[in-house]
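Q: Prediction below, plus the sequence it came from.
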Amino acid sequence: MAEETLDLTCSINGAAVVINSGDTILSAARRASLADPIPTLCYREGSSPDGGCALCLVKVSNDKDPDTTGRLVSACHTAVQPGDRVTTRTPDIVRNRREILSLMLNELPAGVASRTRGGGRRGGDFWQLVDEYGARAGKDTNTVATGKQQPIERSHPYLRFDPELCVTCRRCVHTCEDLQGQFVFGIGNRGADVQLLIGSNDRFADSDCVACGACVDECPTGALFDRDREPDLSSRRSSAGSSNRPLTSLTSVRTTCGYCGVGCGIHVVTDGMRVVRIDGAEASPVNHGHLCAKGRYAHGFQASPERLTTPLLRQNDELVEVSWETALAWLAEKLTTIRAESGAESLGAMTSSRSTNEANYLLQKLFRTCLGSNNVDNCARVCHASTALALRTVTGTGAASASFADIESAQCIVVAGANPTEAHPIVGARIKQAVRRGARLIVIDPRRIELTEWADLHLALKPGTNVALFNALAKVLIEAGLIDHDYIDSRLEGFAALQAFLAGDLLNEAAEVCGVDVRDIKAAAALIGEAAPVLFVHGLGLSELTQGTASVMTLCNLGMLTGSIGKPGGGMLPLRGQNNVQGNADMGALPNLFTGYQPINDPKVREHVNSIWGILPPEAPGLTIPEMIDAAAEGRIRGLWIQGEDVAQSDPNQTHVLGALEKLDLLVVQELFMTGTAERAHLVLPAAASLEQEGTFTNGERRIQRVRQSLPPPGEARPDWLVVRDVANCLGAGWDYPDPAAVMDEIARVAPHLFGGVSYARLGDDGLQWPCPSPQHAGTMRVHEKKFIRGRGQLVSVDHVPSPEHDVDAYPLLLITGRVLQHYNVGTMTRRTPHTELVTKDWLEISPEDAARSGISDQARVRVESRYGSVELTAKISARVAPGTLFLSFHFPESHTNVLTGPHVDPDSHCPEYKLTAVRLTA
Ligand SMILES: Nc1nc2c(c(=O)[nH]1)N[C@H]1C(S)=C(S)[C@@H](COP(=O)(O)OP(=O)(O)OC[C@H]3O[C@@H](n4cnc5c(=O)[nH]c(N)nc54)[C@H](O)[C@@H]3O)O[C@H]1N2
Ligand SMILES: Nc1nc2c(c(=O)[nH]1)N[C@H]1C(S)=C(S)[C@@H](COP(=O)(O)OP(=O)(O)OC[C@H]3O[C@@H](n4cnc5c(=O)[nH]c(N)nc54)[C@H](O)[C@@H]3O)O[C@H]1N2
Ligand SMILES: [Mo]
């Protein structure tokens, strides 16, 4: 096809333009970057043409088709023909456009034009066009439509709609539907009274709006606008209310979002002191300009007066301000003393998955080289540790095989134990887009998450029963012959064993264990088998269970049996949690592995690392996070260095964790805020946030991306990497890294198989996906394409094992904990933004059936008890949860969610079982 169309051209304003298949006149013209671009208002790239505004009328002639000669057509929805001669500007066309714009102006109240020249982060194109074409409202401007006389809609903390400025071009309607997969807007009335509707109530706050802000990006007039950019909220009718008052000396920095593991590209616009706004980077291969409410709007924490600004040292039971010099010297001395008294194994570190690769790398190196301890771990342990271990075991690498771009080409997507529209909204939106273009979707989740409304099938299994379900699916796939025999023969091992293991009446047993109908299991297997390759997207509903590793391995069985792994539109795509949780593990902040997952006890690896570090830690692995907490409780660990992790709130079995922290002789915490963990520290070190430092984050598709500084840290706060370097030097390390780029150069040398070709110079704006072993290597979009990294892919035969929380006498309900869209993990950041107006507390979601049975009304205070603790919470009756299950988030410290969760961990990955706790309710 491509060759066939190559020599096909049209001419636009006299210049020859190559026609691509599917081109409209507008798309051909835009690609040709005309000096005189065709104006549009209602058109949105990526949506079907609306054609309503008629501004894009152009003149077309074609010798082959004399009928068309001189015809005026809409460029946005007219297919371009070979030989077309397109003229985009003639006196007629200009007059036409002026008239259209004048008519639109006519509908707006007098004076609007003079007070507003704003709109759309991408440009306010309506007002530019008004100027360019000299449009003017007619004399009779008192015919303002009734719809436009409504008050300004400001029910939402981030969005405002000024009906007076709306020209009902419908670009917001298309954007919301086609980009975000929401249906917030509608058009009401006709003719002069035509009006934009918001939800069913004309209020953002009552609508399904998720505050992605994309409508504001697109709005050509500024009718839809960011509230935090409104200069004067009270001045709608005053001329001072111009919505794009020029702010002096704004700068824009391209960097990477610091919230979740999607790693969206952002432009941070600041006035040098504060964030003015954050825009999605259109060129980013991750988000293509789209953002979620956190990435776009939840930046207020950065300027919070509660930021930590000086080092604080505990003296006489109080944290008092000290200089950095004192803090660093004190810390080095304390670490040295404890090591001398109790040995290196009495010290441990938790590196932060919110911080940079460079900070993570240096802290594990400090512990391994300056102190001689392998007790280094990171919060992937309490997150996707099971995923990493399972993938590494069966494929050879513990990361996603696929990329986010595979969502676009996927024919069938299985979302298992992940809630992307809330936890990874840009991925969630891309999945919805895939479904809109015809991809099949299966959701495997005990709860009715938003994506279940988009799914062909929802398998609402009982929490903690993934393995039984995935085994049953594998059995049906094999027995129905819906498997890829060539792939199995040439690329896998363990098939015969699996086939034998899956014999017997497994299907009915699984249906019973999981509470899922056999017919649904068969239907899901048929869909998966017929649509292969399939993209398997999973989350914590697999990882955070005592059968976490087994859950992920048995999901991989499905990926392998169907020949999906390593193929376009297929493979394993775990949705990694924090902004740098992938990188943190990559850097070797793991007790048994050096940078790049190299075993610390492998002689060859040791020789190589020694050639760079010049000093090595012991060969025996150190302790994982749960083990370090246990060891602290028992006095075996005396000193802990925690880099940005609020274990007091986020680790399971909180009562035990707090007791362990109390026992420490040294707790040092690098933090943005005074968290529950920091409050218990002996030394608190103020950290720079992601907007305030240089470095890199690695996202869930293995993409190492630059983090660039756009603001100074508050007070004396410092980037984590710098603090670690300086402490190492106080310990006599003699580290001379001048900047984070130099740290990355060393990382590339320590783990050349993954990062040999990575350098700041090469990362540019889009980053590089590892493995990237050499400077010539372009990075890897899809791993295991020809061959699994481990050689053959491993099919595993593992049985379902009930959780210790299943069927516990007197605790009849199963509590699931997880996330909601509006807040982020321990909430230190989002709780210091207007997101608190959107969600004010952690709600205990309870099914209408259980609520009725227990006599609990909506909003009632209820006491929830597990075998580990009891807390009081506010109930929300919700059909999202099935009878017998409850859901609770952990974003507010006062909820003490983790007082309820227990001590159980996956025996192999040590990931806690946050997803399943037996509880009972007392009203
Ligand atoms: N808004 C927001 N976004 C975030 C975060 C946040 O706090 N807020 N945190 C970030 C982090 S650190 C992470 S790790 C990710 C987490 O992202 P996700 O893994 O998507 O989030 P969770 O809500 O923890 O859990 C996912 C789903 O697992 C389901 N589940 C529970 N038990 C089971 C089970 O036994 N089997 C199956 N199949 N499903 C089960 C739950 O019902 C839930 O819908 O999100 C990241 N993004
Ligand atoms: N009940 C329950 N508990 C859970 C979970 C669950 O599903 N249920 N999920 C678990 C999961 S998946 C995770 S990942 C953990 C997350 O738990 P945490 O890691 O404790 O939570 P976060 O909010 O991601 O961030 C930790 C801290 O990092 C700080 N921070 C942010 N940026 C920086 C920086 O650049 N430098 C430094 N030094 N600090 C910074 C923030 O202020 C914050 O206090 O929670 C776990 N806990
Ligand atoms: Mo996480």
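A: Perfect, I can see it now. Numbering: from 1, shown residues only. Ligands and ions are numbered 1, 2, ... in the order given.
Q: check contacts around whatever residue of the chain ends up closest to ligand 2.
A: Per CB to the nearest ligand atom, G644 is where the chain lies closest to ligand 2, at 2.2 Å. Just so you know, the C-beta spots here come from the backbone N, C-alpha and C atoms, and that holds for glycine as well. Neighbouring residues of G644 by CB atoms under 8 Å, 6 or more residues apart in numbering: 352, 354-355, 670-672, 687, 720.
Q: Spatially nearest residue to it, not counting backbone neighbours?
A: S352 (3.3 Å; CB to CB, 6 or more residues apart in numbering).
Q: same question, H784
A: G566 (4.0 Å).
Q: quick one: the residue of the chain found nearest ligand 3 from D809, how far?
A: Nearest residue of the chain to ligand 3: G577, at 2.6 Å (CB to the ion). From G577 across to D809, the span is 34 Å (CB to CB, to the nearest Å).
Q: and the two? which has more neighbours close in?
A: G577 (27 against 6; other CB atoms under 10 Å).
Q: what's around the nearest residue to the more buried one once chain neighbours are set aside, how many residues?
A: Excluding its sequence neighbours, the residue lying closest to G577 (CB to CB, 6+ apart) is C383, at 4.7 Å. Applying other CB under 10 Å, we find 27 residues neighbouring C383.
Q: Give me the pLDDT for C383.
A: As predicted, C383 sits at a pLDDT of 94.
Q: List the contacts of it.
A: C383 touches 353, 540, 543-544, 576-578, 581, 911, counting by CB under 8 Å, 6+ apart.
Q: was I right about T90 contacting K59?
A: Yes. Contact criterion CB atoms under 8 Å: T90 and K59 qualify, at 5.8 Å.
Q: neighbour count winner among the two?
A: It is K59, of T90 and K59, that has more neighbours when counted by other CB under 10 Å, with 18 against 13.
Q: Can you tell me the SS state at the more buried one?
A: Following DSSP: H, G, I helix; E, B strand; the rest coil, the label given to K59 is strand.
Q: one step back: so what does the residue nearest to G644 have for phi and psi?
A: Backbone geometry at S352, expressed as degrees, to the nearest 10, gives phi -100, psi 130.
Q: Next, count neighbours for it.
A: 25.
Q: wait, doesn't it sit right on A359?
A: Yes. The pair S352 / A359 is scored as a contact, 7.1 Å apart, by CB under 8 Å.
Q: okay, and the common contacts of the two?
A: By CB under 8 Å, 6+ apart, S352 and A359 have these common neighbours: 643, 720.
Q: Dump the contacts of G644 into JSON lines; add secondary structure, distance to ligand 1 and pLDDT as well.
A: As requested, the contacts of G644 are exported to JSON lines (DSSP: H, G, I helix; E, B strand; the rest coil; distance: CB to the nearest ligand atom, whole Å; pLDDT from 0 to 100):
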{"residue": "S352", "secondary structure": "coil", "distance to ligand 1": "12", "pLDDT": "96"}
{"residue": "R354", "secondary structure": "coil", "distance to ligand 1": "9", "pLDDT": "97"}
{"residue": "S355", "secondary structure": "coil", "distance to ligand 1": "14", "pLDDT": "97"}
{"residue": "Q670", "secondary structure": "strand", "distance to ligand 1": "18", "pLDDT": "98"}
{"residue": "E671", "secondary structure": "strand", "distance to ligand 1": "17", "pLDDT": "98"}
{"residue": "L672", "secondary structure": "coil", "distance to ligand 1": "16", "pLDDT": "98"}
{"residue": "A687", "secondary structure": "strand", "distance to ligand 1": "18", "pLDDT": "98"}
{"residue": "D720", "secondary structure": "helix", "distance to ligand 1": "18", "pLDDT": "98"}
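Q: For those, which single residue is the most surrounded?
A: S355 (33 neighbours).
Q: Enumerate the residues of this structure near ligand 3.
A: Taking CB under 5 Å from the ion as the criterion, the chain approaches ligand 3 at residues 383, 577.
Q: Quick check: residues of the chain near ligand 1?
A: 260, 383, 416-419, 422-424, 444-447, 449, 461, 463-464, 466, 539-542, 545, 575, 577-578, 816, 818-819, 821, 823-825, 915 (CB under 6 Å from any ligand atom).
Q: Please point out which parts of stretch 89-100 sit buried.
A: For stretch 89-100, burial by neighbour count (16 or more other CB atoms under 10 Å) applies to 93, 96-98, 100.
Q: Tell me which entries of these lie within helices.
A: Within the buried residues of stretch 89-100, residues falling in helices by DSSP state H are 93, 96-98, 100.
Q: Am I right that R160 sits in a strand?
A: Yes. Using three-state DSSP, the assignment for R160 is a strand.
Q: What count of nearby residues applies to the residue nearest to H784?
A: Counted by other CB under 10 Å, the residues lying close to G566 total 24.
Q: same check, this time on H288
A: Neighbourhood size, H288 [other CB under 10 Å]: 16.
Q: mind checking the SS state of the closest residue to it other than its chain neighbours?
A: With CB to CB, 6+ apart as the criterion, H288 has its nearest non-adjacent residue at 6.4 Å, and that residue is E282. Three-state call for E282 (three-state DSSP): coil.
Q: I'd guessed E282 sits against H267; true?
A: No. Counting by CB under 8 Å, E282 sits too far from H267 to count as a contact (9.1 Å).
Q: Tell me which of the two has more neighbours.
A: Between E282 and H267, counted using other CB under 10 Å, the more crowded position is H267 (19 against 14).
Q: hmm, back to that, near ligand 2, list only the ones from the contacts of G644.
A: Taking CB under 6 Å from any ligand atom as the test, ligand 2 is in contact with 352, 354-355, 670-672, 687, 720 out of the contacts of G644.
Q: Could you verify my assumption that V184 touches C209?
A: Yes. Between V184 and C209 there is a contact under CB under 8 Å: 4.8 Å.
Q: hey, what's in contact with both of the two?
A: Shared contacts of V184 and C209, defined by CB under 8 Å, 6+ apart, are found at 198-199.
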